[in-house]
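In: Got a predicted structure plus its sequence, pasted below:
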Amino acid sequence: MEEFFGSDHYIIANGKVSESCPSNIALIKYWGKYENQIPANPSISYTLSQCKTNTEIEFLAEKTFSVQTFLAGKEEKKFAEKIEKYFKNIEQYLPWILKGKYIIKTENTFPHSSGIASSASGFGAIAKCLMDLDDQFTGKSDEEYKLKKASFLARLGSGSACRSLYDGLVVWGETKEVANSSDLFAVLYPNNEIHSIFKNFNDWVLLIHEGEKSVSSTVGHGLMNTNPYAERRFQEAHENFALLKNILKSGDMKSFIQLVEHEALTLHAMMMMSEPAFILMKTGTLAVINKIWEFRKETNLPLFFTLDAGANVHLLFPSNKEEDQIQSFIIKELVQHTQNNGFVKDVMRF
Ligand code: DP6
């Protein structure tokens, strides 16, 4: 942890920085956490490429600390309060951070109401901007350290955000299966341990339900504290890492599909087992899942799903000669279950 403490030797000045950060979709899910954003189990995600947040931060060196935020051009006071709290929380890592005024302008490349996780790309972009300012005020740090600290800082804003700092398959949370993995920041899953079949993947997100979720992720994580199945779930995530490691190496698509869908359903099963229980899937979510299973039975084609903490369905399928047939099926049979014919086409970054 000491390596992230900030130095008291800094010279602040007015400055403007901008950064872009993509969203990510977890294959093994983070669901449950301890104090200071320590995950209850390790997780791994694919970083997306189209769903991104672009953020510009203008810093004015002033005596009083204040934050003003604009989301897609519109002032958002609630978001500013959240960021103020976040900046106060990370002062020990960036000792200059409360010494001025911030004007933060941020926009997502995906529809705001889509329910696609904007906290991951959002905090990822902010953390990158903060490290750019830190470079200006304290002297340039090397790129590797800068990314690592940005991941560390992003985690303190939103857990899953720490994984968005790297492209490809990214791990957060200590597991014996991945060297150098940590609860404090994300690391890249070794590229030479991934079969080529998993390096060219599509993620089409069906926007089943647009708008606010009934229960936020943060509340959902909290409900794992009293969930009687939590310990077994955390243990299973570790076991799934061991399985996934072999799958990724061997290119076993069938087992990959089974594991990824199981993780998604387990996440939602945990919600149903919480006290109070909650359900984020909608009728459309279930209709799509059933149609995917039927399609796979009939065609044997590798179309499968994962879910985040919401009703939307992430449709995963490799980019290869079979993708045309899968895409036609999605458009003909699955898009009808979305709220406004809405879907976002994304691909994984490597
Ligand atoms: C289901 O990272 O949004 O998407 O740390 O409270 O901000 P906070 O939660 P968040 O939780 C993400 C949960 C998930 C699974 C995952 O991305 O691993």
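Out: Cool, got the structure.
In: alpha carbons only for contacts and neighbour counts from here, please
Out: OK.
In: Neighbours of Leu71, how many?
Out: Counted with other C-alpha atoms under 10 Å, the neighbours of Leu71 add up to 16.
In: I figured it hits Pro111, correct?
Out: No - with contact defined as C-alpha atoms under 8 Å, Leu71 does not reach Pro111; the gap is 12.0 Å.
In: what does the chain put close to the ligand?
Out: For the chain, the contact set with the ligand under C-alpha under 6 Å from any ligand atom comprises 26, 29-31, 43, 158-160, 217-218, 308-309.
In: what about burial for these, which qualify?
Out: Buried residues within the residues of the chain next to the ligand, counting neighbours by 16 or more other C-alpha atoms under 10 Å: 26, 29-31, 43, 158-160, 217, 308-309.
In: what's the farthest-apart pair in these?
Out: Ser43 and Ser217 (15.2 Å; C-alpha to C-alpha).
In: on that earlier part again, mind putting the buried ones among the residues of the chain next to the ligand in TSV, secondary structure and pLDDT included?
Out: Output for those, formatted as TSV (DSSP: H, G, I helix; E, B strand; the rest coil; pLDDT from 0 to 100):
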residue	secondary structure	pLDDT
Ala26	strand	97
Lys29	coil	98
Tyr30	coil	98
Trp31	coil	98
Ser43	strand	98
Ser158	coil	96
Gly159	helix	97
Ser160	helix	97
Ser217	helix	89
Asp308	coil	93
Ala309	coil	93
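In: And these, which is closest to Ile257?
Out: Ala26 (13.4 Å).
In: doesn't Leu48 make contact with the closest one?
Out: No - at 10.5 Å, Ala26 does not count as touching Leu48 under the criterion of C-alpha under 8 Å.
In: Distance check, Glu19 against Lys291.
Out: Computed as C-alpha to C-alpha, to the nearest Å, the Glu19 to Lys291 distance reads 39 Å.
In: what sits opposite Val170 in the beta ladder?
Out: With DSSP bridges applied, Val170 shows beta-bridge pairing to Ser45, Leu188.
In: Neighbour count: Glu19 and Lys291, which is higher?
Out: Using other C-alpha under 10 Å, the more surrounded residue of Glu19 and Lys291 is Glu19, with 18 against 15.
In: That one contacts Glu58, correct?
Out: No - if you go by C-alpha under 8 Å, Glu19 and Glu58 don't touch, sitting 11.9 Å apart.
In: Quick check on Glu177: phi, psi?
Out: phi -80, psi -20 (degrees, to the nearest 10).
In: What does the pLDDT read for it?
Out: Turning to Glu177, the model gives it a pLDDT of 97.
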